[in-house]
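S.K.: Starting from these lines, generate the structure:
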Amino acid sequence: MNGTSFGCAREIRISKRAILGRSSVMDTDFHSVQADRHDPTTPVCPCFAVILEDNVWVAAQAGILPGTRIRANSVVGFGAVCADVFPHNLVLVKNPAKVRQEIDGVSVMSQGVLSRSSKPDAGVT
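M.R.: Numbers count the residues shown, from 1 in each chain. A predicted model of the protein is given here:
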C-alpha cells in the first residue's frame, strides 16, 4: 500500500499480493443522496462489500466504490473508477471503469509465483 485511503463501514477485503497505489477504497458513501441529507435522521447510503482478489493492482488516483469486486490478476489503471464486478485478468481504465484489454499468458502458480504461459504467441522468445 502506498498512501491508500479506506472508508469502511462494514467490509473491505484485500487478498494476498494486492498492490494498492494512492487510491481510494470505500464500501459506503458515508452520506445520504436524499435532499434532506443534513438531517441527522436521514439514512446513510447502504454499505456494500468491496473485494479485491489475489494479485490485483490498483494504480494511483483510482476509486474503488461500494459493491466492487475485482477478480484475480486484474489491473486498475490510473484514475479509473470502479463500481461493478469485474472478471479475472483484465486491465481496467477510465471513469466509469471499462475493460481496456485482457491480460494474456499469465497464470498464478500454487506457490504464488507469476509465470508466462507456454503458448508460443505469449511474446516470450
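
S.K.: and Cys8, what does it touch?
M.R.: Listed by Cβ atoms under 8 Å, 6 or more residues apart in numbering, the contact partners of Cys8 are 25-28. (Glycine included, C-beta is placed from N, CA and C.)

S.K.: now do 7 Å
M.R.: Cys8 sits next to Asp27 when contact means Cβ atoms under 7 Å, 6 or more residues apart in numbering.

S.K.: measure it to Ile70 for me?
M.R.: 16 Å (Cβ to Cβ, to the nearest Å).

S.K.: what distance separates stretch 67-75 from the middle of the whole chain?
M.R.: In terms of Cα atoms, centre = their mean, to the nearest Å, the centre of stretch 67-75 is found 5 Å from the chain centre.

S.K.: what do you get for stretch 49-69?
M.R.: 2 Å.

S.K.: Check the separation of the first and last residues in that stretch.
M.R.: 8 Å (Cα to Cα, to the nearest Å).

S.K.: Residue ranges in this protein under the pLDDT threshold?
M.R.: Residues of the chain meeting the criterion pLDDT under 70: 105-125.

S.K.: Recalculate using a threshold of 90.
M.R.: Filtered on pLDDT under 90, the chain yields the residue ranges 1-3, 16, 29-46, 104-125.

S.K.: can you tell me which residues contact Phe78?
M.R.: 59-62.
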